[in-house]
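Participant: 3D model of this:
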Amino acid sequence: MNSQLKNKKEEATIIDANNLVLGRMGSIVAKRLLLGEEIKIINCKDVIMLGKKKFLVKKYKDKFSNKVVKQGPYYSRSPAEIVRRSLRNMLPYKNSRGVEAYSRLKCYNSLPSILANSKKNSVENAKMNPQSVFYYTKVGELSEALGFVRKQ
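Facilitator: Below is the predicted model:
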């Protein structure tokens, strides 16, 4: 029984999301989750969203203000939760297959000490090309503009 749990923990793929474009990374990760892979994404604060910071902050603030606070929907301001919710929207999360795939996804703002010694992968197709992209914002900057306070 314990050996099965250890094997399950070793099967998780760890993706370092530093300087990866959110949409490109998300589409690849969503496909892999649907195929049954367990994925942990680290450094979510360094994920890149394409667009001007001013526009993205306005878009997210409109999401917060266009609702009755007590009734939801609830949007988190944490970078890891912003990335996780974006990936949820790329999955068929309203049926059982999507719920199971979504449960296999874990997101972290930085590198947790548990995963410090493990092998980290990257998604080559999702790397940002600085020559072709003019306006971009890191998810960490967006979440701080929305009021997220990082714990020291």
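Participant: ok, Asn18 touching Lys45?
Facilitator: No: look at Asn18 against Lys45 with Cβ atoms under 8 Å: they stay out of range, at 9.2 Å. C-beta here means a position set from N, CA and C on the backbone, and glycine is covered the same way.
Participant: of those two, who's got more company?
Facilitator: Lys45 (24 against 16; other Cβ atoms under 10 Å).
Participant: Quick check: phi and psi at the closest residue to that one other than its chain neighbours.
Facilitator: Distances taken as Cβ to Cβ, 6 or more residues apart in numbering put Gly140 closest to Lys45, at 3.3 Å, once the chain neighbours are dropped. Recorded main-chain torsions at Gly140 are phi -60, psi -40, according to degrees, to the nearest 10.
Participant: show me what contacts Gly140?
Facilitator: Going by Cβ atoms under 8 Å, 6 or more residues apart in numbering, Gly140 touches 45-46, 79, 109, 150.
Participant: same check, this time on Ser86
Facilitator: Listed by Cβ under 8 Å, 6+ apart, the contact partners of Ser86 are 22-23, 26.
Participant: Export those residues as CSV, with columns for pLDDT and secondary structure.
Facilitator: Output for the contacts of Ser86, formatted as CSV (pLDDT from 0 to 100; DSSP: H, G, I helix; E, B strand; the rest coil):
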residue, pLDDT, secondary structure
Leu22, 94, helix
Gly23, 93, helix
Gly26, 94, helix
